[in-house]
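Novice: Give the three-dimensional model of this entry:
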Amino acid sequence: ESGSPVAAAASEGVAQPEEKGSDPSEFWVKLKPHDRGTSPNCGLVVFTRPLGDTAALYVGAVMGAVENWNRRNPSCQVRKGDFVVEVNGKTDPNDMRMGLQQLSVEMRVRRVPA
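Specialist: Residues are numbered from 1 along each chain as shown. Here you go, the predicted model:
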């Protein structure tokens, strides 16, 4: 909801923990067009990999807009080895890849213990 503190903080590009009762190893990243600068993409190199009984996008490298996010949000940094499990409401890996190319990106990231 747009009036909630979570939605307000998300609109400011601030790291958001999952709602109460959810997995603490997941967090949301919201990138706006100005976060990209002149870059045509969000700054992730991803590979489709299995994650449990589904597939997700494995983060192979971080750069660009996501590096900027990481500097602003040290407690919720996207790192190599994380999994992107949702992008702009989509959970299919092909749809998530397309979503990462959009100017505005909201993605849910999951950190899996090594």
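Novice: just to confirm, which helix or strand has the residue nearest to residue 83 when sequence neighbours are not counted in it?
Specialist: Nearest in space to residue 83, with sequence neighbours left out and distances taken as Cβ to Cβ, 6 or more residues apart in numbering, is residue 56 at 4.2 Å. For every residue, glycine as well, the C-beta is placed using N, CA and C. Assessed by DSSP states H and E, residue 56 sits inside strand 54-62.
Novice: Check which helices and strands the helix or strand that comes right after that strand is in contact with.
Specialist: Under the assignment DSSP H and E, the closest C-terminal helix or strand after strand 54-62 is helix 64-72. If you count contacts as 3 or more Cβ pairs under 8 Å, 6 or more residues apart in numbering; DSSP states H and E, helix 64-72 packs onto strand 26-31, helix 33-36.
Novice: Now tell me what touches helix 64-72 from outside.
Specialist: Identification of contacts with helix 64-72 by Cβ atoms under 8 Å, 6 or more residues apart in numbering yields 13-14, 29, 31, 35-37, 39, 41-44, 62, 77-78.
Novice: Show me how to select, in PyMOL, the buried members of those.
Specialist: For the buried members of these, the matching PyMOL selection, counting by 16 or more other Cβ atoms under 10 Å, is:
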select buried, resi 13+29+31+35+36+42+43+44+62+77+78
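Novice: and which of the contacts of helix 64-72 is nearest residue 52?
Specialist: Proximity of those to residue 52 (Cβ to Cβ) peaks at residue 78, which lies at 19.6 Å.
Novice: what kind of secondary structure is that closest one in?
Specialist: coil (DSSP: H, G, I helix; E, B strand; the rest coil).
Novice: Was I right to think it contacts residue 46?
Specialist: No. Contact criterion Cβ atoms under 8 Å: residue 78 and residue 46 do not qualify, at 10.6 Å.
Novice: any shared contact partners between these two?
Specialist: residue 59.
Novice: picking up where we left off before, just give me the closest of the contacts of helix 64-72 to residue 107.
Specialist: residue 29 (5.1 Å).
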